[in-house]
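1. Pasting the sequence and the predicted coordinates here, then a few questions.
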Amino acid sequence: GLYLLDSNATLIDNAFVGNSGWRGGGWYHIGGDVQASGNLVTDNTASSVAGGLFVWGPAVLDNNTVVNNSATVAGGGLSVRYHTVTLSGNTVSDNIVTGYPGDILGGGLELVRTTATLTDNIISGNTVSSSAAGWGGGLSIAESVATLDGNAIYSNTVACNGDGWGGGLDVYDSTVTLFGNVIYSNTVSSDGNGWGGGLEISYSTATLSGNVVYGNTVSSEGDNWGGGADLYTGSFSLNGNTFSGNAADWGGGLAVEAGSSITLTNTVISENWSNDGGGGLFIGSGSRARGLHTTIARNGGGDGSGVLVTDEGEGPSSLVLTNTILVSHAVGLAVTESSEAAVDSILWYNTPITVSQSPMVTVSVQNQHEGDPAFAADGYHLTPDSAAIDLGVDAGVLSDIDGDTRPRGTAPDLGADEYAPSADFSASPLSG
């Protein structure tokens, strides 16, 4: 369609339709700066990378529509490499990567060795379909520094004969910040093992704040981890996120694996499902987790545990929970093999077995309370009759999941929410 070499270009309101090439079926740009706005890139094909557009240079892309393109290796819609890029208000939908006999990635979008900012984009309905392994049904980020703010990543799929990672988003060997994104209805379905129905982040440093992750699934033939998110070998800080209605074998809402370190603050993990263990939260294979003001509620399946802490054959894991609501599970907290857990200030309710532990583990629980959390209709905000109000200890957390000041009373409330008398939380937990 368009070939740009060592050129600065401004592209506005053009249509790139039905073209083909080796890289960048719709357009190919290498060297120079590009600014593109309001363009339509559709029905293009690439025999290698970037069915719609290939960008190897500084770029600002806004309000473009990249749909129904295909590539065989990576970046069904577009691929951006080695430079600084800003993407805002774009729609990247219904693109596919398929046909290559080896590993493939980035059904909608691929970012490699970039400094990238993605704001208010729609990444939906994209597919990675591989006879081998596949990564990132919607978006793949590798060896990059990236900020994602206010994007909607939904209904993307990894479907492959080998292993699969990241139905919505896959991040590898990167530093990423995710703020205020909605990640939902993404799927990993493979003949091998699967990780991260909504998002997979591995060998990376990541900060996640205010994201809503719901309705994602890992349903591969082998073992599956992290229906909402799988966090693997990295350092992770999560604040104010919700994980609801996701499903996998291990860690229906969230799985933390392979020596990872994570802090969860003001987190809601609710109504997720596991086939094997850790319906809400799975901490495994030598990982270390700390939860501050966490609400874990109504997760199910498998061994019935809301939270599972286990060695997974790769060294003991540990979990420290402070100011927690852990309710409506067959088993609240399960700790196995030689792992350990320490709990301070917790509310149990509708949980016949609060703690299940193997003989070799260490578990300490103090400041336990029993009572109805009396959630609002959304399933995690507190109402005036909640037994969680004013029962916490000072954990150094000065605001709640909504940014409201805590404490409001004599002590902090347990869980992610600090009760606010004037608030109205009538929405369901999966409304986003």
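-> Received, thanks.

2. what about stretch 167-186, start to end distance?
-> End-to-end distance of stretch 167-186 (C-alpha to C-alpha, to the nearest Å): 5 Å.

3. sorry, that was for stretch 111-124
-> Start-to-end span of stretch 111-124 (C-alpha to C-alpha) is 16 Å.

4. Other residues contacting it?
-> Outside of stretch 111-124, the residues within contact range by C-beta atoms under 8 Å, 6 or more residues apart in numbering are 79-94, 108-109, 138-156, 168. For glycine as for every other residue, the C-beta is placed from the backbone atoms N, C-alpha and C.

5. Tell me the bridge partners for Ser209.
-> On DSSP bridges, the residues paired with Ser209 through beta bridges are Phe179, Asn239.

6. do Ser20 as well
-> Assigned bridge partners for Ser20, using DSSP bridges, are Thr45.

7. hang on, isn't it packed against Asp43?
-> No: Ser20 is beyond contact range of Asp43, at 9.8 Å (criterion: C-beta atoms under 8 Å).

8. neighbour count winner among these two?
-> Using other C-beta atoms under 10 Å as the criterion, Ser20 and Asp43 rank with Asp43 on top: 18 against 14.

9. so who does the more buried one touch?
-> So Asp43 contacts Val17, Gly18, Asn68, Asn69 (C-beta under 8 Å, 6+ apart).

10. Can you get me a residue count around the third one?
-> The one in question is Asn68. 20.

11. Would you mind giving me the confidence score for the residue nearest to Gly284 when sequence neighbours are not counted?
-> In space, and not counting its chain neighbours, Gly284 is closest to Glu312: 3.9 Å by C-beta to C-beta, 6 or more residues apart in numbering. Looking at Glu312, its pLDDT stands at 72.

12. what's near enough to touch Glu312?
-> Contact analysis of Glu312 by C-beta under 8 Å, 6+ apart lists Glu257, Gly284, Ser285, Glu337.

13. Recalculate using a threshold of 10 Å.
-> 225, 250, 257-258, 282-287, 336-337, 339 (C-beta atoms under 10 Å, 6 or more residues apart in numbering).

14. Which helix or strand contains it?
-> Under DSSP states H and E, no helix or strand contains Glu312.

15. Buried ones from the contacts of Asp43, can you make that a PyMOL selection?
-> Buried subset of the contacts of Asp43, written as a PyMOL selection, criterion 16 or more other C-beta atoms under 10 Å:
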select buried, resi 68+69
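
16. now, among the contacts of Asp43, which is nearest to Gly300?
-> Asn68 (38.4 Å; C-beta to C-beta).

17. so the closest one sits right up against Gly25, yeah?
-> No: Asn68 lies out of contact with Gly25 (C-beta atoms under 10 Å); the separation is 11.1 Å.

18. Specify which member of the contacts of Glu312 is nearest to Tyr172.
-> Among the contacts of Glu312, Ala258 lies closest to Tyr172 (C-beta to C-beta), at 13.1 Å.

19. Quick check: that closest one touching Ile283?
-> No: contact criterion C-beta under 10 Å: Ala258 and Ile283 do not qualify, at 11.1 Å.

20. more neighbours, these two?
-> Ile283 (28 against 20).

21. Ser130 versus the more buried one, what's the distance?
-> With the distance defined as C-beta to C-beta, to the nearest Å, Ile283 ends up 30 Å from Ser130.

22. In PDB, list the C-alpha atoms belonging to stretch 71-82.
-> The C-alpha coordinates for stretch 71-82 follow below in PDB (Å, rounded to 0.1, in the frame of the first residue of the first chain):
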ATOM      1  CA  ALA A  71       0.000 -11.600   9.400                       C
ATOM      2  CA  THR A  72       1.700 -15.000   9.800                       C
ATOM      3  CA  VAL A  73       4.300 -14.300  12.500                       C
ATOM      4  CA  ALA A  74       3.400 -11.200  14.600                       C
ATOM      5  CA  GLY A  75       1.300  -8.100  14.800                       C
ATOM      6  CA  GLY A  76      -1.900  -9.000  12.900                       C
ATOM      7  CA  GLY A  77      -3.000  -5.400  12.900                       C
ATOM      8  CA  LEU A  78       0.300  -3.500  13.500                       C
ATOM      9  CA  SER A  79       3.800  -3.900  14.700                       C
ATOM     10  CA  VAL A  80       5.900  -1.100  16.300                       C
ATOM     11  CA  ARG A  81       9.600  -1.600  17.000                       C
ATOM     12  CA  TYR A  82      12.700   0.000  18.500                       C
END
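
23. and whichever strand or helix holds Ala255, how far from the chain's centre?
-> Per DSSP H and E, Ala255 falls inside strand 254-257. Centroid separation for strand 254-257 versus its chain: 11 Å, with C-alpha atoms, centre = their mean, to the nearest Å.

24. same check, this time on stretch 71-84
-> Distance, centroid of stretch 71-84 to centroid of chain: 21 Å (C-alpha atoms, centre = their mean).

25. what about that stretch, start to end distance?
-> 23 Å.

26. Buried residues in it, which are they?
-> Of the residues in stretch 71-84, 71-83 count as buried by neighbour count, 16+ other C-beta under 10 Å.

27. Gln366: how many residues sit nearby?
-> 10.

28. Glu271 and Thr295 touch, don't they?
-> No: using C-beta under 10 Å, Glu271 is not in contact with Thr295; the gap is 11.5 Å.

29. higher neighbour count, these two?
-> Remark: of Glu271 and Thr295, Thr295 carries more neighbours, 30 against 23, as counted by other C-beta under 10 Å.

30. ok now do the closest residue to the more buried one other than its chain neighbours, which residues does it touch?
-> When the adjacent residues along the chain are set aside, Thr295 lies closest to Gly415, with 4.0 Å between them (C-beta to C-beta, 6+ apart). Neighbour list for Gly415: 266-268, 293-297, 323-327, 346-347, 373, 375, 380-382, 386, 388-389, 391-392, 400-401 [criterion: C-beta under 10 Å, 6+ apart].
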